[in-house]
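In: sequence and predicted model, in that order:
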Amino acid sequence: MAWGILILAGLFEVGWAIGLKYTEGFTRFWPSLWTVLAIVASLWLLSVAMKFLPVGTAYTIWVGVGAVGTVILGIVLFDEPINTLRIVSIVLIVAGIIGLKLA
């Protein structure tokens, strides 16, 4: 259960990271509201997961899920560049997440 909560927290992290782009410096009300709610949900879910998982593992996986998801959505939504180095970097982050899960 804690792992599922942690992954959900990471997905909310992706949501608020992408949401920041739409807030235009927190000058747009609705995108800003949804971004703040995603931040709160992400941090709350992370804190719940940390009750059952080691802090270093939980935090690193949360950040990793957020980073990978944000890069992928940046490519899809904002036409950010995709190249070999970015793909290799994503694979390395995913490998680290898997390694921490198995450790």
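Out: Yep, it's here.

In: distance of the residue most central in space within the chain relative to Asn83?
Out: Closest to where the C-alpha atoms of the chain average out (C-alpha atoms, centre = their mean) is Gly66, at 1.6 Å. Applying C-beta to C-beta, to the nearest Å, the value for Gly66 to Asn83 is 21 Å. Placement of C-beta: from N, CA and C, glycine included.

In: Trp3: which element?
Out: Per DSSP states H and E: Trp3 is located in helix 2-23.

In: pull the residues that contact that helix.
Out: Residues outside helix 2-23 that contact it (C-beta atoms under 8 Å, 6 or more residues apart in numbering): 28, 31-32, 34-36, 38-39, 41-46, 48-49, 51-53, 58, 61-66, 69-70, 73-74, 77-78, 101.

In: so which of the residues you listed are in helices?
Out: Using DSSP state H, the members of these that fall in helices are 31-32, 34-36, 38-39, 41-46, 48-49, 58, 61-66, 69-70, 73-74, 77-78, 101.

In: next, count neighbours for the closest residue to Pro31 other than its chain neighbours.
Out: Residue nearest to Pro31 in three dimensions, not counting chain neighbours: Tyr22, with 3.9 Å by C-beta to C-beta, 6 or more residues apart in numbering. For Tyr22, the count of nearby residues is 13 (other C-beta atoms under 10 Å).

In: tell me the buried residues in stretch 16-31?
Out: Buried positions in stretch 16-31, judged by neighbour count with 16 or more other C-beta atoms under 10 Å: Trp16, Ala17, Ile18, Gly19, Leu20, Thr23, Pro31.

In: which of those lies closest to Ile93?
Out: Ala17 (14.3 Å; C-beta to C-beta).

In: how close does the residue nearest to Pro31 get to Trp3?
Out: Tyr22 is 29 Å from Trp3, by C-beta to C-beta.

In: what does Met50 give?
Out: Noted for Met50: a distance of 12 Å to Trp3, by C-beta to C-beta.
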